[in-house]
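*Asks:* sequence? don't have it. structure:
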């Protein structure tokens, strides 16, 4: 009887945990909605946006920022592009500023150094602000 009880509980847990699993893409879209809607300048970083380390930093023409691409698909336009280190001896960064109507968003791609030469862990962060009309 005890085994049947545990089997029943196990089946319930399995099915309750397997229903309505959101994809990483759904999560990103929902958090972007919140960042845009409640834009107050606070940054949100997505540490798991890239699943593999990179072995070189892309040239400007080849650089792609995933969050910026999502904003562009929502009608945002790029108004500024920057590249550098932050702070000067810190991680390599690429910053895009995008704008739509009264909302300005800054997307930063960060290349964190690892203990191996030329191996970087990448993340992106975003912050948005409402502009006064």
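*Replies:* Cool, the structure landed. Computed from a prediction, not measured in an experiment: that's the story for all the values here.
*Asks:* so what's the most centrally placed residue in the chain up against?
*Replies:* What sits nearest the mean C-alpha location of the chain, by Cα atoms, centre = their mean, is residue 46, with 3.8 Å. Applying Cβ atoms under 8 Å, 6 or more residues apart in numbering, we find residue 46 in contact with 28, 31, 67, 123-126. The C-beta positions use only the backbone N, C-alpha and C, and glycine is treated the same way.
*Asks:* immediately after the helix-or-strand element of the chain with minimal mean pLDDT, which helix or strand?
*Replies:* Lowest on mean pLDDT, DSSP states H and E among the helices and strands of the chain sits helix 2-18, with a mean of 52. Of the helices and strands lying after helix 2-18 in sequence (DSSP states H and E), the nearest is helix 24-37.
*Asks:* Tell me which other helices or strands that following helix touches.
*Replies:* strand 44-46, helix 66-73, strand 103-113, strand 120-130 (3 or more Cβ pairs under 8 Å, 6 or more residues apart in numbering; DSSP states H and E).
*Asks:* Switch the ones you listed over to CSV; also include mean pLDDT and distance to residue 86.
*Replies:* Converted to CSV, the helices and strands packed on helix 24-37 look like this (pLDDT from 0 to 100; distance: least, Cβ to Cβ, whole Å):
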stretch, mean pLDDT, distance to residue 86
strand 44-46, 94, 13
helix 66-73, 96, 17
strand 103-113, 95, 8
strand 120-130, 95, 11
